[in-house]
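okay, predicted coordinates and the sequence, questions at the end:
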Amino acid sequence: MTWTRPMPNLDNKNAIAFEFARICSLASVKIMEIYESDFEFRGKDDKSPVTDADELAEEIILAELQKSLPGVPVLAEESFAAGLRPKTDGAFILVDPVDGTKEFINKNGEFTVNIALIENRAPTAGCVYAPAREQIFVGGTTAWAGPLKAGQSVDADALQAITTRDRPAGGMTAVMSRSHADDKTLAFADAQGVTEKVSAGSSLKFCLVAEGTADVYPRFGPTKEWDTGAGHAVLNAAGGAVLTPEGTPFTYAKEEVEYLNGAFVAWGRRG
Ligand SMILES: Nc1ncnc2c1ncn2[C@@H]1O[C@H](COP(=O)(O)O)[C@@H](OP(=O)(O)O)[C@H]1O
Ligand SMILES: [Mg+2]
């Protein structure tokens, strides 16, 4: 008889998040192999860069999700670029195999592997993994962070629970895109009384807020749902929230706009 891994139940958000973490670690072996090589990159139709790492890692992730969560539709960055349109009117999974491709190409380590579960237009479980930095963030009903080398198995006991921090009396620290800064985002930060601005690539920005290193991540420039779902899940689990600048919920499954996000503000704690 062959042993089969027990299927995580969609109701157990922590089990789902750790299953995503396992898959992120596995796919990152290939990503790191390419990262450490003399790789080439190409421009996609939308002019954003892509490497073999994006495409090969996505193949691995899709094959693993098909085994462990069969039947749950998956909306993944590279498959979407190739024309695949899964159903997203029920529960679905978002995959960004390499978020921060510019950071990957610049070899500064600030890129992540992202998998998130979306239910009722909101993320309920997710994993953000930065293999070059050997840091993993996992969020279901609780959020965890810790060190992890690509390919290692993820052991919850080796991770630490993380929470957002109270707003410092001296002023907030904002984290913003390294490669896509814009004037509206800077103006929002200034209007909120931010006293320190830190640049970082990829979905790591959500994680910096989730672990209490920063207080807010404002973003007025464009992103796609797969860029934000996993980081959003980790931040929710750590006690934070992602809202529109007007304070309304920031939602997913926006098929009508091809899953393009509007402006958002990721908060550690409000008020
Ligand atoms: N003009 C644009 N339209 C849509 N998404 C954009 C964009 N410019 C940047 N992004 C998104 O921003 C992500 C990078 O975020 P950051 O600037 O915080 O590192 C990119 O992810 P990828 O690197 O996966 O393509 C990309 O999806
Ligand atoms: Mg991305």
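Looks like it came in fine. Ligands and ions are numbered 1, 2, ... in the order given.

give me every residue that touches the residue of the stretch 101-250 of the chain found nearest ligand 2.
For the stretch 101-250 of the chain, the residue closest to ligand 2 is residue 227, as judged by CB to the ion, at 4.1 Å. The C-beta positions use only the backbone N, C-alpha and C, and glycine is treated the same way. Contact analysis of residue 227 by CB atoms under 8 Å, 6 or more residues apart in numbering lists 96, 99, 114, 202-203, 261.

need those residues in TSV (columns: distance to residue 132 and neighbour count).
Below are those laid out as TSV (distance: CB to CB, whole Å; neighbours: other CB atoms under 10 Å):
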residue	distance to residue 132	neighbour count
96	16	33
99	13	27
114	15	32
202	11	28
203	14	33
261	25	22
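
quick check: the farthest pair among these?
Farthest apart among these by CB to CB are 202 and 261. That separation is 14.6 Å.

can you pull out the strands in the stretch 151-271 of the chain?
160-161, 172-177, 194-200, 216-219, 223-224, 241-243, 260-261, 264-267 (DSSP state E, counting those that start in this stretch).

shaky segments in the stretch 1-150 of the chain?
1-7, 47 (pLDDT under 70).

so how far is ligand 1 from the residue of it found nearest ligand 2?
When scored by CB to the ion, the stretch 1-150 of the chain has residue 99 as its residue closest to ligand 2, at 3.6 Å. From residue 99 across to ligand 1, the span is 4 Å (CB to the nearest ligand atom, to the nearest Å).

what is the neighbour count of residue 178?
For residue 178, the neighbour count with other CB atoms under 10 Å is 19.

quick one: contacts for it?
103, 108, 110, 199-201.

can you redo these as TSV with distance to residue 209 and neighbour count?
Compiled in TSV, these are given as follows (distance: CB to CB, whole Å; neighbours: other CB under 10 Å):
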residue	distance to residue 209	neighbour count
103	18	22
108	20	16
110	15	23
199	14	13
200	10	21
201	15	23
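
between the residues you listed, which is closest to ligand 1?
Nearest to ligand 1 among those is residue 201, at 4.0 Å by CB to the nearest ligand atom.

surely the closest one meets residue 108?
Yes. Taking contacts as CB atoms under 8 Å, residue 201 lies within contact range of residue 108: 6.9 Å.

now the longest helix along the chain, how far from the centre of its chain.
Counting residues, the longest helix found in the chain (DSSP state H) is helix 13-35. Put simply, helix 13-35 sits 12 Å off its chain's centre (CA atoms, centre = their mean, to the nearest Å).

any idea how far the closest residue to the residue of the stretch 1-150 of the chain closest to ligand 2 other than its chain neighbours lies from residue 87?
Closest residue to residue 99 apart from its sequence neighbours, by CB to CB, 6 or more residues apart in numbering: residue 202 at 4.4 Å. Distance of residue 202 to residue 87, computed by CB to CB, to the nearest Å: 27 Å.

identify the residues contacting residue 65.
Neighbour list for residue 65: 23, 72, 74, 93, 95, 115 [criterion: CB under 8 Å, 6+ apart].

okay but residue 150 is in contact with residue 34, surely?
No. The criterion here is CB under 8 Å, and residue 150 misses it with residue 34 at 11.3 Å.
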